[in-house]
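Colleague: Quick one, fold the following:
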Amino acid sequence: MTEQLTADLASGALLDALSEIAEAASHVILPYWRAGGAVFTKADDSPVTLADQAAEQLILSRLEALYPGVQAVAEEQSEAEGKPDQAAERFWLIDPLDGTRGFVQGKESFTVNIALIEGQRPVAGVVSAPATATTWRTAPGGGAQMRRFGETWRTIRVRNRPDEGVALLSHSVTDEEAARLAARYGCNRWQGTDSSLKFCLIAEGRFDAYPRTGPTSEWDTAAGQAVLEAAGGRVLAADGSPLLYAKPGFLNGPFVALGG
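Modeller: A predicted model of the protein is given here:
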């Protein structure tokens, strides 16, 4: 089935399929949002909900039906069964609900993330935001796109750095640390937000940098990185090289996501 995946990636059919799957998962998640559903605690003290589990089940079953045998590394499956010892040359990275803490608190900044990794690089990715019914993706033939659910895709691109650059930071950092990080990357203002939305908002040309010093899992970043790089941005590891995947434990070190 790898031949079919290759053909669909080239034709754009893969991106259409991934977009449909991510938006379907979004519709699965929405009934749980602000509904006071059960929240469980994983071994790393992070939360997981029935929405995470239902969305991941949908994504994995749809991908296996379309492209049987392609390895999938997904957050909840990895928590339940353990992470694979190694990744295939080509594999899926899936976060069915990124930003679960915010989701539990009733915030809007949570996302569905599906990426295809090939040769340690994200070559296709889709990010959907259920609360705002918005999807961002790598575009067939190159570039990046976004749309409201069911509407026409439109092209997006990073902006050139303005005089008043604005950074996006995780809510987990202190105001002092946020100001220091923003200034380090040429931004004199910053704003806090959660999840992979940060990559997408930079890809849209609304913000300029997202520095991250704390640990993240690869499924947190892969789809957003794919979209941002397709829109003309960069995601760099601490040594200035592109952020790569299939690392030990599927864990990221510090990185920065940059626009133009």
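Colleague: residue farthest from the centroid of the chain?
Modeller: The outermost residue of the chain, judged against the average C-alpha position, is Asp163 (28.0 Å), by CA atoms, centre = their mean.
Colleague: for the stretch 1-150 of the chain, what spans make up the helices?
Modeller: 2-11, 13-29, 50-66, 75-81, 100-104 (DSSP state H, counting those that start in this stretch).
Colleague: Mind putting those into CSV with mean pLDDT and distance to Thr213?
Modeller: Where you see a C-beta, it was placed from the backbone N, CA and C, and this is true even at glycine. As requested, these are exported to CSV (pLDDT from 0 to 100; distance: least, CB to CB, whole Å):
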stretch, mean pLDDT, distance to Thr213
helix 2-11, 90, 33
helix 13-29, 97, 28
helix 50-66, 95, 25
helix 75-81, 90, 21
helix 100-104, 85, 18
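Colleague: and Asp220, which of those is closest to it?
Modeller: Closest to Asp220 of the helices of the stretch 1-150 of the chain is helix 75-81 (CB to CB; 8.4 Å).
Colleague: which residues sit against the closest one?
Modeller: 42-43, 48, 52-53, 56, 60, 84, 94-96, 217, 219, 250 (CB atoms under 8 Å, 6 or more residues apart in numbering).
Colleague: Which positions in that helix come out as buried?
Modeller: 75-78 (16 or more other CB atoms under 10 Å).
Colleague: State the pair within the contacts of helix 75-81 that is farthest apart.
Modeller: Ala43 and Leu60 (20.7 Å).
Colleague: Turn the helices of the stretch 1-150 of the chain into JSON lines, columns for distance to Ala124.
Modeller: Formatted as JSON lines, those follow (distance: least, CB to CB, whole Å):
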{"stretch": "helix 2-11", "distance to Ala124": "6"}
{"stretch": "helix 13-29", "distance to Ala124": "6"}
{"stretch": "helix 50-66", "distance to Ala124": "12"}
{"stretch": "helix 75-81", "distance to Ala124": "19"}
{"stretch": "helix 100-104", "distance to Ala124": "24"}
